[in-house]
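**Q** my questions are about this predicted structure, shown below with the sequence.
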Amino acid sequence: MKKTKYIVYILASILTLSACSGVKKLPQNSSTLLNSYTEGELTYKNQFRFKYLFFESQRLKALEDFTKAADLMEQCIAIDPLNADANFEMALLYTRTEQLTSALFYAKQAQLLDPTNSWILLNLAQLNFALGNTEGELNAYKNLVKLDPSNIEYQYNLAQAYTSNNLFKKAIQVYQLIEKRLGVTEELSVVKERLYIALGDLKSAANELQKLISSFPSSVRYRGMLAELYQANNLEDKALKIYNEILTVEPKEPRANIALADHYRLKNDFDKVFIHLNNCFDNAGFSKDVKIQILISYFQVINQNSIYSVSLASLLDKALLHHPAESGFYALYGDLFYQKNQIIESYNAYSKALDLGATEYFIWNRCLLMGLELQMYAEVISKGEKAIELNPIQPMLYLFTGLAYSIDNQQESAVLLLNRGLNYVVNNNPLKAEFYNYLGDAYHSLDLNDLSDTSYESALSLVPDNPIVLNNYSYYLSVREVKLEMAEEYSKLCNELKPNVANYQDTYGWILYKLARYSEAKDWLSKAVENSNTESAVIFEHYADALYKNGAKEEALRYWLKAVSLGGNSSLLLKKANEGILYE
């Protein structure tokens with residue numbers, strides 16, 4: 001406990017002490033008529049001055065001018081140094097000004113002068129507590145209990161002081177005396193249980209809980225506490241016996257069901273695990289936060305054996321039945337569907353979690369990623385902008401949202417967002433390369449070729465073997481018929497990294513065509529036709545052009561016509577198909 005906390009505690013007590021000190025009966029044989037412990041004779045003038053200063057100090061204390069009040073009380077003590085009340089008041093004033101060491105000095109003086117005054121002893125105990133002097137606190141409470149053995153509060157404080165001094169047996173003895181007067185209570189039994197545990201006396205600790213169970217047989221909570229005690233001390237059989245007894249009384253009791261579920265989990269008996277977990281989740285009063293923790297912990301189980309995903313989904317259904325507006329459960333449903341590769345269901349669950357107020361970054365991240373996969377670009381843009389607002393330094397959110405803008409043909413917005421996101425990429429070259437890759441695509445769509453080339457080259461400087469960047473950059477160069485030798489080099493590397501990919505073979509074949517290496521171009525474009533999973537108008541047109549250059553004009557016409565049938569719309573395709581002549 002910090003010193004300031006002690007001081008607040010003491011100050012709160014002062015209000016009580018001050019109020020009580022003002023109504024004390026003053027003995028009539030004191031030289032100053034304030035207490036009976038003043039020795040010697042004081043002149044009438046000094047008695048009068050003492051009283052004036054004392055009550056003026058009290059007035060200033062009421063006005064919370066503690067410094068001036070203390071100055072006047074010091075003058076009182078100078079007149080009558082053996083006055084217990086003046087020393088006591090001085091201790092209170094020094095406490096008010098947070099001078100606890102000085103306050104303790106005057107409190108001790110007051111005790112010496114009036115050793116049977118309970119207010120002085122209580123103040124002394126509290127000051128020792130605040131200063132961390134546990135022995136002094138203990139002695140003060142011993143004197144208080146001796147002075148007033150019937151005061152339960154003093155006995156409680158004495159027991160706590162014994163505990164602070166690690167005198168646990170003494171503390172237990174005091175609590176036993178309190179119990180004789182108050183009867184068996186949870187507070188007393190639990191505190192004694194903990195003290196017995198500290199002493200290593202498990203049997204006595206268990207007896208305290210047994211006492212509670214006997215006194216309150218209808219409460220299963222105390223049985224649960226006893227089972228936990230046994231479980232914590234590796235007495236598994238005793239714990240399990242009690243947990244099963246609890247379930248005969250309350251089959252849906254969460255604590256017992258969780259304990260038994262954990263027991264069977266260690267034995268890999270997950271059928272029984274989920275029986276007990278279902279009992280917990282049927283309990284409407286079972287903690288929502290604990291439910292979430294349990295569900296998270298069992299995701300590893302379904303990773304090892306997917307058969308239990310149905311059981312986990314059942315728990316989630318029950319959780320949502322009792323907590324229909326809890327975003328955390330929808331987020332967990334999103335995780336469950338994500339693990340099962342059910343993209344639409346996962347996306348919908350994550351979206352519901354976000355609608356209910358979820359703010360976790362990973363939910364936004366997954367939701368945007370799956371939205372892109374589902375080609376829901378407008379939703380990705382809307383969600384992405386909100387995600388960035390909530391998580392402004394997460395670069396992946398900029399990347400996904402920028403990509404959605406680009407695919408949705410909003411290239412200016414894509415460029416703006418991708419450039420912003422680049423500022424937050426730190427020590428991650430692959431991620432930075434992805435930003436430059438998408439910037440290259442966006443700039444190309446805007447016909448900003450210099451910026452597009454610079455972006456692609458920046459991406460390749462960071463990750464030289466990225467086949468997507470190598471392919472896109474080299475293809476756009478071939479379309480513009482610039483830097484063809486470099487384009488050929490990049491495309492060749494791309495095909496070495498990822499062989500037998502139709503799009504990559506088409507790009508390389510087309511670059512060879514632009515370099516007038518028609519025989520090689522025909523061979524590569526033939527490979528692209530063979531490896532294409534779906535018929536492509538672009539690949540067919542490129543292949544037809546290469547066939548024509550190699551003298552296979554009839555076959556070239558056949559592929560031009562196929563390209564037209566597939567919706568090919570290049571500027572010269574219809575003319576080539578109609579006339580059977582190559583136009584470039």
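**A** Right, received. Where do you want to start? From a predicted model like this one, the values you see are computed outputs, not experimental measurements.
**Q** all contacts plus neighbour counts: C-alpha atoms, from now on.
**A** OK.
**Q** which of the three states applies to T359?
**A** Using DSSP: H, G, I helix; E, B strand; the rest coil, the secondary structure recorded for T359 is coil.
**Q** need the pLDDT of it.
**A** pLDDT recorded at T359 is 91.
**Q** could you do E228 as well?
**A** pLDDT at E228 comes out at 88.
**Q** where's it relative to L460, distance?
**A** Distance, E228 to L460, by C-alpha to C-alpha, to the nearest Å: 60 Å.
**Q** which stretches of this structure have low pLDDT?
**A** 1-41, 304 (pLDDT under 70).
**Q** quick check: the spatially most central residue of it vs L72, distance?
**A** Nearest to the geometric centre of the chain sits E360, at 9.5 Å (C-alpha atoms, centre = their mean). As defined by C-alpha to C-alpha, E360 lies at a distance of 61 Å from L72.
**Q** repeat for A433
**A** Separation of A433 from L72 (C-alpha to C-alpha) stands at 78 Å.
**Q** swap in K527?
**A** Counting by C-alpha to C-alpha, the separation of K527 from L72 is 106 Å.
**Q** those two: which is more packed in?
**A** L72 (22 against 18; other C-alpha atoms under 10 Å).
**Q** mind listing what the more buried one touches?
**A** L53, F54, E56, S57 (C-alpha atoms under 8 Å, 6 or more residues apart in numbering).
**Q** so which helix or strand takes in the third one?
**A** Element membership for E56, per DSSP states H and E: helix 44-62.
**Q** and the contacts of that helix?
**A** With C-alpha under 8 Å, 6+ apart as the criterion, helix 44-62 contacts 31-32, 66, 68-70, 72-73, 75-76, 79-80, 86, 93.
**Q** I'd like the next helix or strand past that helix.
**A** That would be, after helix 44-62 and using DSSP H and E, helix 66-79.
**Q** what's the offset of the helix or strand where L92 lies from the middle of its chain?
**A** Under the criterion DSSP H and E, the helix or strand holding L92 is helix 84-96. Relative to its chain's centre, helix 84-96 lies at 48 Å (C-alpha atoms, centre = their mean, to the nearest Å).
**Q** angle of that helix against helix 66-79?
**A** Between the axis of helix 84-96 and that of helix 66-79 there is an angle of 150 degrees, by axes from the mean of the first three to the mean of the last three C-alpha atoms, to 10 degrees.
**Q** list the helices and strands helix 84-96 packs on?
**A** helix 3-21, helix 66-79, helix 100-113 (3 or more C-alpha pairs under 8 Å, 6 or more residues apart in numbering; DSSP states H and E).
**Q** measure the residue nearest to the centre of the chain to A387 for me?
**A** E360 is 9 Å from A387, by C-alpha to C-alpha.
**Q** now F362
**A** With C-alpha to C-alpha as the criterion, F362 and A387 are 10 Å apart.
**Q** now I393
**A** In terms of C-alpha to C-alpha, I393 sits 10 Å off from A387.
**Q** S570 and Y490, how far apart?
**A** Counting by C-alpha to C-alpha, the gap from S570 to Y490 is 25 Å.
**Q** cool, I307 as well?
**A** Distance of I307 to Y490, given as C-alpha to C-alpha: 47 Å.
**Q** so for these two, which sits in the more crowded spot?
**A** Under the criterion of other C-alpha under 10 Å, the comparison of I307 against Y490 puts Y490 first, with 24 against 11.
**Q** correct me if wrong: that one contacts Y476.
**A** No - look at Y490 against Y476 with C-alpha atoms under 8 Å: they stay out of range, at 11.7 Å.
**Q** between these two, what contacts are shared?
**A** Common neighbours of Y490 and Y476 (C-alpha under 8 Å, 6+ apart) do not exist.
**Q** just the contacts of helix 44-62 now: which is nearest P251?
**A** P251 lies nearest to L93 out of the contacts of helix 44-62, by C-alpha to C-alpha, at 59.6 Å.
**Q** tell me who's in contact with that closest one.
**A** L93 neighbours (C-alpha under 8 Å, 6+ apart): K61, F66, T67, A69, A70, A103.
**Q** ok, P81 next?
**A** P81 neighbours (C-alpha under 8 Å, 6+ apart): N87.
**Q** do the same with N419
**A** Going by C-alpha under 8 Å, 6+ apart, the list of residues near N419 reads F435, L439.
**Q** by how many degrees do the helix holding E56 and helix 66-79 diverge?
**A** 160 degrees.
**Q** so how far is helix 44-62 off the chain centroid?
**A** That offset, for helix 44-62, works out to 59 Å (C-alpha atoms, centre = their mean).
**Q** separation between the nearest residue to L226 once chain neighbours are set aside and F168?
**A** Spatial nearest neighbour of L226, excluding adjacent residues (C-alpha to C-alpha, 6 or more residues apart in numbering): L209 at 6.0 Å. The spacing between L209 and F168, counted by C-alpha to C-alpha, is 18 Å.
**Q** just K383 next, same as before
**A** The gap separating K383 from F168 is 60 Å, by C-alpha to C-alpha.
**Q** mind listing the helices for the stretch 451-584 of the chain?
**A** Applying DSSP state H, counting those that start in this stretch to the stretch 451-584 of the chain gives helices spanning 467-480, 484-497, 502-514, 518-531, 537-549, 553-565, 573-579.
**Q** now do the stretch 251-400 of the chain
**A** 254-266, 270-282, 288-297, 299-304, 309-322, 327-339, 343-355, 361-373, 377-390, 395-407.
**Q** same list, these, but as TSV with distance to Y438 and mean neighbour count please.
**A** Compiled in TSV, the helices of the stretch 251-400 of the chain are given as follows (distance: least, C-alpha to C-alpha, whole Å; neighbours: other C-alpha atoms under 10 Å):
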stretch	distance to Y438	mean neighbour count
helix 254-266	47	20
helix 270-282	47	20
helix 288-297	36	14
helix 299-304	34	14
helix 309-322	38	18
helix 327-339	26	22
helix 343-355	24	21
helix 361-373	14	20
helix 377-390	15	19
helix 395-407	7	26
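**Q** now those as TSV including distance to L497?
**A** Putting those into TSV (distance: least, C-alpha to C-alpha, whole Å) gives the following:
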stretch	distance to L497
helix 254-266	46
helix 270-282	45
helix 288-297	40
helix 299-304	33
helix 309-322	38
helix 327-339	30
helix 343-355	29
helix 361-373	24
helix 377-390	30
helix 395-407	25
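**Q** among those helices, single out whichever gets nearest to P467.
**A** helix 395-407 (18.2 Å).
**Q** which residues does that closest one contact?
**A** Contacts of helix 395-407 (C-alpha under 8 Å, 6+ apart): 364-365, 368-369, 372, 377-378, 380-381, 384-385, 387-388, 411, 413-415, 417-418, 420-422, 424-425, 435, 438, 442.
**Q** if we go to 6 Å?
**A** Y377, I381, G384, A414, L417, L418, G421, Y424 (C-alpha atoms under 6 Å, 6 or more residues apart in numbering).
**Q** that one: how far from the chain's middle?
**A** 27 Å.
**Q** cool, stretch 546-563 as well?
**A** Computed by C-alpha atoms, centre = their mean, the chain-centroid distance of stretch 546-563 equals 64 Å.
**Q** what residues of that stretch count as buried?
**A** A546, L547, Y548, K549, K553, A556, L557, Y559, W560, L561, K562, A563 (16 or more other C-alpha atoms under 10 Å).
**Q** same deal with stretch 456-466?
**A** Neighbour-count burial for stretch 456-466 [16+ other C-alpha under 10 Å]: Y456, E457, S458, A459, L460, L462, V463, D465, N466.
**Q** and it, how far out from the chain middle?
**A** With C-alpha atoms, centre = their mean, you get 37 Å for stretch 456-466.
**Q** quick one: residues in contact with that stretch.
**A** The contact list for stretch 456-466, computed with C-alpha under 6 Å, 6+ apart, reads N429, A433, Y436, N437, G440.
**Q** kindly provide the distance from the first one to S570.
**A** For N429, the distance to S570 equals 37 Å [C-alpha to C-alpha].
**Q** give me every residue that touches K527.
**A** By C-alpha under 6 Å, 6+ apart, no residues touch K527.
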